[in-house]
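A.B. asks: Here you go, sequence then predicted model.
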Amino acid sequence: MILSVFIQYSHISVINSFKIDNKDFTVIDIGVRLFDEENFTYNFIETSFCFPLFFVLSTTMLDDEELDKVKQHEIEFLASNNWIIVKVLTKVQLRLISGYCEWFACIGLGSYMIQGENIHFEELWPVVHWSIPTKFPNLDWGKVNTLINIEEVGHTVITKDERINSTVKLKGYIPKEYGIDLENSDF
């Protein structure tokens, strides 16, 4: 079976689902069929970004056993009742955390990856509610290069990174195991 993705500029409804305090960002969707998604997140992020990377995940599915794995991998984290923010510095750490992101996506829980300069844990607490745009009220968007919303239907890439700020440029960072669905992509 050939694995495939499509790449499109995001619909205005997706763009409006995030409160972004900086208009320099391009918003692009990568559609990945749910059952194809295993390892896509790891391969895409590992190819596209440099460390450190921050991930914001729901604590809903992280029990003590999963938190022990985070600790065993020496991943810095900050947790609350609803969210855990982790700082990923290595490929081994990325493999574990991106696996959680895909697991969560498969059960309908979104997570976020943030890459930028001088970002601190405290800036990354999200406010997520179905009736208002998702926001990171403490985040200085000037520090952010890219934020990825990882969900069951794919990834929304919010970026000002010149390497990936168009569908054509982003196409070059899709893992080689994936074909591009040209019929449903914006090129």
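C.D. replies: The structure has been received and is ready for your questions.
A.B. asks: Quick one: the helices in this protein, in order.
C.D. replies: For the chain, applying DSSP state H gives helices covering 12-15, 40-48, 64-72, 91-106, 167-171.
A.B. asks: Need those helices in CSV (columns: distance to Tyr112).
C.D. replies: (Glycine included, C-beta is placed from N, CA and C.) Below are these laid out as CSV (distance: least, CB to CB, whole Å):
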stretch, distance to Tyr112
helix 12-15, 14
helix 40-48, 12
helix 64-72, 16
helix 91-106, 9
helix 167-171, 18
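A.B. asks: can you tell which of the ones you listed is closest to Trp141?
C.D. replies: Nearest to Trp141, of all these, is helix 12-15, at 14.2 Å by CB to CB.
A.B. asks: Can you spell out which helices and strands pack onto the helix or strand bottoming out on mean pLDDT in the chain?
C.D. replies: For the chain, using mean pLDDT, DSSP states H and E, the weakest element among its helices and strands is helix 12-15, scoring a mean of 85. Contacting helix 12-15 under the criterion 3 or more CB pairs under 8 Å, 6 or more residues apart in numbering; DSSP states H and E are the following elements: strand 26-32.
A.B. asks: buried ones in the strand it packs on?
C.D. replies: Buried positions in strand 26-32, judged by neighbour count with 16 or more other CB atoms under 10 Å: 26-30, 32.
A.B. asks: Ok, stretch 160-175 next?
C.D. replies: Residues of stretch 160-175 classed as buried by neighbour count (16+ other CB under 10 Å): 160-161, 164-167, 169-171, 173-175.
A.B. asks: Show me the beta-bridge partners of the residue nearest the centre of the chain.
C.D. replies: By CA atoms, centre = their mean, the chain has its centre lying nearest to Ile148, at 3.1 Å. With DSSP bridges applied, Ile148 shows beta-bridge pairing to Met113, Val157.
A.B. asks: check contacts around the nearest residue to Trp103 once chain neighbours are set aside.
C.D. replies: Nearest non-adjacent residue to Trp103, counting by CB to CB, 6 or more residues apart in numbering: Met61, 7.0 Å away. Met61 is in contact with 100, 103-104, 107, 109, counting by CB atoms under 8 Å, 6 or more residues apart in numbering.
A.B. asks: Which members of the buried residues of strand 26-32 define the maximum pairwise distance?
C.D. replies: Pairwise distances across those peak at 19.0 Å for Thr26 and Val32 (criterion: CB to CB).
A.B. asks: ok, the residue nearest to Val70 when sequence neighbours are not counted - how many residues close by?
C.D. replies: Excluding its sequence neighbours, the residue lying closest to Val70 (CB to CB, 6+ apart) is Phe77, at 5.9 Å. Phe77 has 18 neighbouring residues, counting by other CB atoms under 10 Å.
A.B. asks: ok, now how distant is Phe77 from Pro52?
C.D. replies: Going from Phe77 to Pro52 by CB to CB, to the nearest Å gives 13 Å.
A.B. asks: Appreciated, that's everything.
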